[in-house]
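S.K.: take this sequence and fold it.
(one chain, ligands or ions: 1)
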Amino acid sequence: MTRAEHLSHDEAVSGPDEPAVAVAATPGAKPAVVTDAQIAQQFAHVHTWVFDLDNTLYPASSDLWPKIDARITLFMMELFGLDGMSSRALQKYYYERYGTTLRGLMEEHEITASDFLKFVHDIDRSSLVPNHSLATAITALRGRKLILTNGSREHALRTAEQLGLDKMFEDVFDIVASDLVPKPNPQAYERFFEKHGVEPAGAAIFEDIERNLVVPHSRGMRTTLVVPKPGQRDHRDPWEVAKERPRHVDYVTDDLEGFLTDIVRAAPPVKSTKS
Ligand SMILES: [Mg+2]
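M.R.: Model prediction:
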């Protein structure tokens, strides 16, 4: 992805070409195009970098999320004695209504979260390829780095390790740390901010689900939606894909490592404390 494909609401500079990612993320919307230096300036105040895990730190084109998704369907088939299609329909309903399938199962059926999390994350991660360029890009960011996931801590740690990303994160805030309240619920973010002493106005978040950026943006975080590359598999349900890029999405990228690398490369120099 070239720098012209990073999009921002805040900049009014029009580019000569419609970036491919804009077509995927915001059909019908005219994108604003910014330079690396302008992007870096927009992130210059950021000292805490927050990353979602699934379909953000690994590409949506990997087979990992479909494996988890299938395990969720299977869990519900076994729990309710449903066939695959019925289980799938109920799963989608809970996801849309409650933010996660787990939350729906807890609210309506009082299932035990630990049983669910253990079952759905019991997957083979060996197909995930270590992402050295993303590791380098995240390491080069100045400040703290945290993972904020609706999944389990163990899943995040094992997945990050498989990706070669386990050394650069200070901690993982998972669904258990969030008292089983998932994103996009405001309480999930408040607990995260409180537990890790995160100042939202000095933080940026990267996430593949657009509705999970509403609260972060309202709290002053710099928000970036990570979308599939053109032609790649897109796990989002149609209702999750906004027709126009919403105001709470500051940037859209289909190349997280490239985007982070641009931020680092064009970052203003650190001011010396010496006089
Ligand atoms: Mg995700």
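S.K.: which bits of this structure sit near the ion?
M.R.: 52, 54, 55, 56, 208 (C-beta under 5 Å from the ion). Where C-beta positions appear, they are placed from N, C-alpha and C, glycine not excepted.
S.K.: could you rerun that using 6 Å?
M.R.: For the chain, the contact set with the ion under C-beta under 6 Å from the ion comprises 52, 54, 55, 56, 208, 209.
S.K.: could I get those residues as a markdown table with secondary structure and pLDDT?
M.R.: Below are the residues of the chain next to the ion laid out as a markdown table (DSSP: H, G, I helix; E, B strand; the rest coil; pLDDT from 0 to 100):
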| residue | secondary structure | pLDDT |
| --- | --- | --- |
| 52 | coil | 98 |
| 54 | coil | 95 |
| 55 | coil | 95 |
| 56 | coil | 97 |
| 208 | coil | 95 |
| 209 | coil | 94 |
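S.K.: can you flag the buried ones in these?
M.R.: Listed as buried from the residues of the chain next to the ion are 52, 54, 55, 56, 208, 209; burial here means 16 or more other C-beta atoms under 10 Å.
S.K.: and the nearest residue to the fifth one once chain neighbours are set aside, what is it in contact with?
M.R.: Okay, so that is residue 208. Leaving aside its sequence neighbours, residue 208 sits nearest to residue 55 (C-beta to C-beta, 6 or more residues apart in numbering; 4.2 Å). With contact taken as C-beta atoms under 8 Å, 6 or more residues apart in numbering, residue 55 is in contact with 65, 208, 226, 235.
S.K.: which members of those occur in strands, if any?
M.R.: residue 226 (DSSP state E).
S.K.: max pairwise distance over the contacts of residue 55: which two?
M.R.: 65 and 226 (12.9 Å; C-beta to C-beta).
S.K.: and the strands in the stretch 1-150 of the chain, which stretches?
M.R.: Listed in chain order, the strands of the stretch 1-150 of the chain (DSSP state E, counting those that start in this stretch) span 48-51, 144-148.
S.K.: who wins for proximity to residue 259 among those?
M.R.: That would be strand 48-51 among these, by C-beta to C-beta, at 11.8 Å.
S.K.: list the strands paired with the closest one, with their directions.
M.R.: Applying DSSP bridges, strand 48-51 is found paired with strand 144-148 (parallel), strand 203-207 (parallel).
S.K.: what's the most buried one of the ones you listed?
M.R.: strand 203-207 (a mean of 25; mean count of other C-beta atoms under 10 Å).
S.K.: run the chain-centre distance for it.
M.R.: With C-alpha atoms, centre = their mean, to the nearest Å as the basis, strand 203-207 stands 8 Å off its chain's centre.
S.K.: what of stretch 57-76?
M.R.: On C-alpha atoms, centre = their mean, the centre of stretch 57-76 falls 15 Å from that of its chain.
S.K.: list the buried residues in that stretch.
M.R.: 57-60, 62, 64-65, 67-69, 71-73, 75-76.
S.K.: now do stretch 106-115
M.R.: Quick answer for stretch 106-115 (16+ other C-beta under 10 Å): 106, 111, 113.
S.K.: surely the first one touches residue 114?
M.R.: Read it as residue 106. No: between residue 106 and residue 114 there is no contact under C-beta atoms under 8 Å: 11.3 Å.
S.K.: since that was my last question, I'll sign off now.
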